[in-house]
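[1] Fold the following.
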Amino acid sequence: MQGKRIFKESVCSGTFPLPKEVRDRLLYIDAILQAAYGTPDLGNVADPLEELIFLTITQRTKIKTAIQVFRNLKEQFSGRDGILQASDADLRRILSVGGRGNFRIRAVRELLNAVKDKTGALSLNNLRRMNETEAFEFLLSLPWVGEKIARCVMLYSLGFNTFPADVNAIRIFRRTGILTPVIGSLEGIEHRKAQSKIAPWVPAEITRTLHVNMVVHGHEVCRERNPRCERCEIRKFCAFWRNSEVKEADGARFTMVDLFSGAGGISLGFHDEGFRIALAVDNDSRVLQTYRLNHPWVEQNRILCKDMRSLASTRIRAISGEEKVDVLVAGVPCQGFSRVGYRTKPDLIKEKKYKPEKDQRNTLFKEVIRFARLLNPQCILVENVPDMESANVTHYGMDRRVIELLERRLGGMGYHTATVCLDATDFGIPQKRRRLFFVASKKALPDKMEERLTKLAQEMKYPETTPSLFDAIASLPALKAGEGVQIASFAHVQDKGVSDYREFVGNDAAIIFNHVARPHNNDDMGIIEALQPGENYVALVRRMPDILNGRSHKVYTTRNFQDKFYRLRWDVPCRTIVAHLAKDGNSFIHPEQNRALTVREAARIQSFPDDFIFTGSRTSQFIQVGNAVPPMLARVFARFFRTLLEATI
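    Residues are numbered from 1 along each chain as shown. Modelled structure (predicted):
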């Protein structure tokens, strides 16, 4: 009796509540597959008996062929009685198309006879008066009807929220491992048992879309033999593919450790140059969700969510083991050093009582020295804002320049050091982003670092002329304020943004992620609509002094908020993408559309590829993008370090 009760409860999908993380991932996969395939019509029909006949024909047959065979069957014979009365020769002429003619003739006849015997008619409309369990058990009592076919009839003809796990769906669930936390591994599980294990866990609201699109995906991409993983839009969620990426990364010649990793712009650049990421550390769990998803080649136990200062040396050694670390990279938080923010707003410094010299973030650079002692890397890279070069910290009661302390401490450990300030525009990136890079190496460094790095970028075929904002984002779909979805099918606007730069950010993406425009209140929309390209808040108020009249929201002073509103220009690189976009985007208004930049547009400007998915809230996504080192620039440094390392072998 207990077994029967469990069987009855598991007929429909959504019976068992999924853990939130598993549910969110499954819904995300469903949305991606919907965007990729559009939930096409697979030929399913509303009449339950006709659906049974159609499903019988589809077995081991291509969908298009099955649809045509079923259509010919209906056109050739008048009603279901006509099919029963037809000769074998007449049926074979139609049902043999695509093969399996003898099976189809036998199965269709036996199905129709069984239905007539059980119901007294050639109809299954009696199922519409049954509950889920009754309909399911009745269907299973018919010849040639297994669990998958029964669930298809229930889903497509009777409207029950049940999930038919066919061979394609089972294969996809087995490879992705998305349900493994709740049902265990599907490896080696018999087909019927796998169907029963999967069905109760699929959320009811996605049974139809997930089934249809998994069927298509299984036929076209996730095939049993020679799966086309390079074409798979859900591969980042797939354990099968991720494991293969880890194995491939194991063969890398050089390794790196990424401190304050954030979403992983630096890690991505180094991976693209053949480095294996031996360790990535950040203290923000939301940011690391993005990192984990987009860096499948990094083993999960090597991605740590910890405050660097609380990470014990023994834990670091335990993870790194005996393997050597070639490069140590640290994108130390820059807010404590930056002149942007409080440092440019004296009134706010006074109001908030902010004291830069007491900002604890300014001492995090010392972790670089600690990790260098522990791991003894051949090369070190520290990235920050240019103001770090002149920033002081209190060291043993005395003011010392941060760069001076790094030079002295690392120099004492045998490193040659150099400091260079670079602008992203000099490396084919459409953004005025000037950053400081502190470089240390056990081997002597070239005298003209900037020259050497720009030459490397040329050798790497980076765009020779600086791309404009138009080159970066004009091909993305137009949006109004408040429009957009996190996952959408994507066709580039072909006459816009066709440039060398797009080759680096995903010229052929079929799906676009994170392209959602934030809403603006009516007061701000009035200002946004009035802005001209290249015009800021001060210039607008000077040109249109009445623009602030009648505002129901805060009126910003032109002294402290000169760039509170700014419309970008198409013909030049973008201004620096900053984490402040998380709070409002009014200083990053689209050149043509009356709205702020989206996360995807900001990511493109930062040189993230279009298939890099930012997770979490929109606020978190903007912070992740704004704090990142552009992957294209990180890749140049990775190439530079690789040449140094190869020269020492």
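
[2] contacts and neighbour counts: CA atoms only from here.
    OK.

[3] Show me this protein divided up by domain.
    When the chain is parsed with automatic domain parsing, its domains come out as 2-236, 239-463+634-648, 469-627.

[4] JSON lines for these, including mean pLDDT?
    Shown next, in JSON lines, are those (pLDDT from 0 to 100):
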{"stretch": "domain 2-236", "mean pLDDT": "92"}
{"stretch": "domain 239-463+634-648", "mean pLDDT": "87"}
{"stretch": "domain 469-627", "mean pLDDT": "88"}
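
[5] Now mean neighbour count too, for these, in TSV please.
    Formatted as TSV, these follow (neighbours: other Cα atoms under 10 Å):
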stretch	mean neighbour count
domain 2-236	17
domain 239-463+634-648	18
domain 469-627	19
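
[6] His211: what's it in contact with?
    Phe163, Pro164, Ala165, Ala169 (Cα atoms under 8 Å, 6 or more residues apart in numbering).

[7] can I assume the second one sits in a strand?
    No: the assignment for Pro164 (DSSP: H, G, I helix; E, B strand; the rest coil) gives coil, which keeps it out of a strand.

[8] show me the residues around it that make contact.
    Glu147, Lys148, Ile149, Ala150, Arg151, Cys152, Leu155, Gln195, Ala199, His211.

[9] how about a cut-off of 6 Å?
    Lys148, Arg151, Cys152 (Cα atoms under 6 Å, 6 or more residues apart in numbering).

[10] Between those residues, which sits nearest Arg639?
    Among the contacts of Pro164, Lys148 lies closest to Arg639 (Cα to Cα), at 52.4 Å.

[11] in what helix or strand does the closest one lie?
    Using DSSP states H and E, Lys148 falls within helix 147-156.

[12] which residues touch that helix?
    Residues contacting helix 147-156 (Cα under 6 Å, 6+ apart): Pro48, Leu139, Phe160, Asn161, Thr162, Pro164, Ala165.

[13] swap the cut-off to 8 Å and go again
    Contacts of helix 147-156 (Cα under 8 Å, 6+ apart): 44-46, 48, 51-52, 55, 132, 135-136, 139-140, 160-166, 192, 195, 208.

[14] Mind jotting down where the strands sit in the stretch 401-550 of the chain?
    Per DSSP state E, counting those that start in this stretch, the stretch 401-550 of the chain carries strands over the ranges 416-423, 434-441, 484-489, 511-516.

[15] Kindly spell out which helices and strands sit in contact with the third one.
    Right, the one you point to is strand 484-489. Applying 3 or more Cα pairs under 8 Å, 6 or more residues apart in numbering; DSSP states H and E, one finds that strand 484-489 contacts helix 20-37, strand 511-516.

[16] what's the angle from the longest one to strand 484-489?
    Counting by axes from the mean of the first three to the mean of the last three Cα atoms, to 10 degrees, helix 20-37 lies at 60 degrees to strand 484-489.

[17] Next one: Gly82 from Leu112, what distance?
    As judged by Cα to Cα, to the nearest Å, Gly82 and Leu112 stand 11 Å apart.

[18] likewise Phe77?
    Distance from Phe77 to Leu112, counting by Cα to Cα: 14 Å.

[19] hang on, the earlier thing: possible to save the contacts of His211 as a markdown table with distance to Asp611?
    Formatted as a markdown table, the contacts of His211 follow (distance: Cα to Cα, whole Å):
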| residue | distance to Asp611 |
| --- | --- |
| Phe163 | 29 |
| Pro164 | 30 |
| Ala165 | 28 |
| Ala169 | 24 |
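
[20] Closest one of those to Ala121?
    For those, the nearest to Ala121 is Pro164 (26.6 Å; Cα to Cα).

[21] Could you dump the helices and strands packed on strand 484-489 into a markdown table and include distance to Ala457?
    What follows is the helices and strands packed on strand 484-489, written out as a markdown table (distance: least, Cα to Cα, whole Å):
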| stretch | distance to Ala457 |
| --- | --- |
| helix 20-37 | 34 |
| strand 511-516 | 27 |
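
[22] Show me what the helix or strand that contains Phe54 is packed against.
    Using DSSP H and E, Phe54 maps to helix 48-58. In this structure, helix 48-58 makes packing contacts with helix 63-76, helix 101-119, helix 147-156, judged by 3+ Cα pairs under 8 Å, 6+ apart.

[23] mind checking which of those helices is nearest Leu597?
    Among the helices and strands packed on helix 48-58, helix 147-156 sits nearest to Leu597 (Cα to Cα), with 41.3 Å.

[24] follow-up on the earlier one: using CSV, write down the CA coordinates of the helix holding Lys148.
    Coordinates of the C-alpha atoms in helix 147-156 are reproduced here as CSV (Å, rounded to 0.1, in the frame of the first residue of the first chain):
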residue,chain,number,x,y,z
GLU,A,147,5.0,6.0,-18.8
LYS,A,148,6.5,8.6,-21.3
ILE,A,149,3.6,8.2,-23.8
ALA,A,150,1.0,8.3,-21.0
ARG,A,151,2.5,11.5,-19.6
CYS,A,152,2.6,13.1,-23.1
VAL,A,153,-1.2,12.4,-23.5
MET,A,154,-1.8,13.9,-20.1
LEU,A,155,0.2,17.0,-20.8
TYR,A,156,-0.7,17.8,-24.4
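
[25] following that helix, which helix or strand shows up next?
    Assigned by DSSP H and E, the successor of helix 147-156 is helix 167-176.

[26] What is that following helix packed up against?
    Helices and strands touching helix 167-176, by 3+ Cα pairs under 8 Å, 6+ apart, are helix 191-198, helix 207-220, helix 239-249.

[27] Out of these, which is closest to Asn283?
    Among the helices and strands packed on helix 167-176, the nearest to Asn283 by Cα to Cα is helix 239-249 (23.4 Å).

[28] Compute the inter-axis angle for the closest one and helix 167-176.
    Using the same axes, to 10 degrees, helix 239-249 lies at 40 degrees relative to helix 167-176.

[29] Tell me who's in contact with the residue nearest to Phe260 when sequence neighbours are not counted.
    The shortest distance from Phe260 to any residue other than its chain neighbours is 4.7 Å, reached at Asp282 (Cα to Cα, 6 or more residues apart in numbering). By Cα under 8 Å, 6+ apart, the contact set of Asp282 is Leu259, Phe260, Ser261, Gly262, Leu288, Leu304, Cys305, Lys306, Asp307, Met308.

[30] again, but for Glu233
    Glu233 makes contact with Ile32, Leu33, Ala36, Ile511, according to Cα under 8 Å, 6+ apart.

[31] can you pull the contacts of the last one?
    The neighbourhood of Ile511, defined by Cα under 8 Å, 6+ apart, consists of Ile32, Ala35, Ala36, Glu233, Ile487, Ala488, Ser489, Phe490, Asp611.
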